[in-house]
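> Okay, structure incoming, though there's no sequence with it:
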Ligand SMILES: [Zn+2]
């Protein structure tokens, strides 16, 4: 994998984790019951932790690739502090919307509990399959992060699968809400398995994850008495930095402090 | 030039003083997150591994290790975080598990039952740290921190944290 692609690939993985972590954290203090409030915010914490590991690695790669004087500049995401090096924090707090490479699914609003649960299930299902492959990557750092994160994602997938079943096979009301959530989110799932240019150089063929992903969705939807959605137009663009209208608002909140008070710490 | 005369064994004993800020009865040695120590004259490298990716205690722990090393006279310090092989609850010392229980947190079961994808699996048989009953049930898969689950004892009725297998 060439250096530019690798950097973009790592940023893509980091952005997915950060933005979903940020979204889930909006539930903090608002969960339907205390135990599930704690669960969703712990999942947030796991995701932000994974994002940190990826950002640290991306920052290292970016700083290294800038070293040789006069050589072609790195793809250089902004997020460079004045006169300083790129850090995990500058990558999260100082890049612009178009520089974020997360898929559209993770930036979708929380909606109700059904929509949050479904988003987590659809994403964790994909992340689980991806990290399984990434564990054996020749890139030792990516393999280590994936190995570490996989245990956490196992929990996320199990927890969200159980909730999809609980709601789908629950009351008339919860069933209807799951159907609405599927209607809302399904169109963002196609993108997960369409490789961006920087993913094409990876040893993992992301399109091959689609079948096992679908099998899992069918298994869980079947258990949840939810009809499998028919063919629909799929939205794409997040991986290339073309986001839905929600992304700007997420970053406004996420980045406010570092934008207003650059470099502040507490 | 000064050289620090301290051996690895003494150093491990010193590191026992550094506690997990979230479970203050456990030292970082009990937790099994110190992987190795490399001493080289007045320089030292401590290699640690996080329990969970998002463990917020790691930054505090790293800072406390730095303070300790400075007190001991090490000028050149390096604290390296490694992720692989990933930490598991098996690395927690037996002494650590006993201390956890005394503190009121059920220690991780020796056999990992939860790292599977099986849905609605029967709750793990977790022993109540208060009355030793196995008549307990899980309230939530996530507890006060990501590394713990919330349980309740059906005999003494006390809720308790379970340091879950990982
Ligand atoms: Zn009891």
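On my side now, so go ahead. The structure displayed is predicted, hence computed values, not measured ones.

> drop to CA atoms for contacts and neighbour counts, all remaining ones
Will do.

> Tell me how many other residues crowd the closest residue to residue A:192 other than its chain neighbours.
Nearest non-adjacent residue to residue A:192, counting by C-alpha to C-alpha, 6 or more residues apart in numbering or on different chains: residue A:103, 6.9 Å away. Other residues near residue A:103 come to 30 when the count uses other C-alpha atoms under 10 Å in any protein chain shown.

> Was I right to think residue A:103 contacts residue A:239?
Yes - between residue A:103 and residue A:239 there is a contact at 5.2 Å, judged by C-alpha atoms under 8 Å.

> which residues of the chain score low on pLDDT?
The chain I'm using is chain A. A:67-83 (pLDDT under 70).

> Chain B was what I was after
In chain B, residues with pLDDT under 70: B:1-4, B:111-117, B:122-123.

> which bits of it sit near chain A?
B:52-55, B:83-87, B:115-120, B:139-146, B:166 (C-alpha under 8 Å from any C-alpha of the partner chain).

> How about the secondary structure of the residue nearest to residue A:87 when sequence neighbours are not counted?
Closest residue in space to residue A:87, ignoring its immediate chain neighbours: residue A:59 at 5.2 Å, by C-alpha to C-alpha, 6+ apart. Secondary structure state of residue A:59, per DSSP: H, G, I helix; E, B strand; the rest coil, is helix.

> Confirm for me that residue A:59 is in contact with residue A:88.
Yes - Residue A:59 is within contact range of residue A:88, at 6.0 Å (criterion: C-alpha under 8 Å).

> These two: which is more packed in?
residue A:59 (23 against 19).

> Where do the helices of the chain begin and end?
Because you didn't say which chain, this covers chain A. Per DSSP state H, chain A carries helices over the ranges A:3-25, A:34-66, A:88-93, A:104-107, A:113-134, A:140-168, A:172-185, A:197-200, A:210-223, A:247-260.

> Wait, chain B was what I had in mind.
Counting by DSSP H, the helices of chain B are B:8-15, B:28-31, B:57-71, B:94-103.

> Quickly compare these and say which is most buried.
Stretch with highest mean neighbour count among the helices of chain B: helix B:28-31 (a mean of 22; mean count of other C-alpha atoms under 10 Å in any protein chain shown).

> Give me the contacts around that helix.
Outside helix B:28-31, the residues that touch it by C-alpha atoms under 8 Å, 6 or more residues apart in numbering or on different chains are B:12, B:15-16, B:18-20, B:34, B:91-96.

> what sits against whichever residue of the stretch 1-150 of chain A sits closest to chain B?
With C-alpha to the nearest C-alpha as the measure, residue A:49 is the residue of the stretch 1-150 of chain A nearest to chain B, at 3.4 Å. Residue A:49 sits next to B:52, B:53, B:54, B:55 when contact means C-alpha under 8 Å, 6+ apart.

> At the contact with chain B, which residues of chain A appear?
Checking chain A against chain B by C-alpha under 8 Å from any C-alpha, the hits are A:35-36, A:38-39, A:42-43, A:45-50, A:53, A:144-145, A:147-149, A:151-152, A:154-155, A:157-158, A:161-162.

> thinking again about what came up before, would TSV of the helices of chain A with distance to residue B:59 be doable?
Output for the helices of chain A, formatted as TSV (distance: least, C-alpha to C-alpha, whole Å):
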stretch	distance to residue B:59
helix A:3-25	19
helix A:34-66	12
helix A:88-93	14
helix A:104-107	27
helix A:113-134	25
helix A:140-168	18
helix A:172-185	36
helix A:197-200	32
helix A:210-223	36
helix A:247-260	20
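
> Looking at those helices, spot the one closest to residue A:230.
Nearest of the helices of chain A to residue A:230, taken as C-alpha to C-alpha: helix A:172-185 at 10.0 Å.

> Which elements pack onto the closest one?
helix A:113-134, helix A:140-168 (3 or more C-alpha pairs under 8 Å, 6 or more residues apart in numbering or on different chains; DSSP states H and E).

> Would you mark the buried spots in the longest one?
Along helix A:140-168, these residues count as buried under the neighbour rule (16 or more other C-alpha atoms under 10 Å in any protein chain shown): A:141-165, A:167-168.

> Also near the ion: which of those, exactly?
When C-alpha under 5 Å from the ion is applied, no member of those is adjacent to the ion.

> Pick the most buried one from the helices of chain A.
helix A:104-107 comes out most buried of the helices of chain A by mean count of other C-alpha under 10 Å, with a mean of 26.

> Quick one: distance of stretch B:78-98 to the chain centre.
How far stretch B:78-98 lies from its chain's middle: 6 Å, per C-alpha atoms, centre = their mean, to the nearest Å.

> Pull out the buried members of the residues of chain B next to chain A.
B:52-55, B:83-84, B:86-87, B:139-143, B:145-146, B:166.
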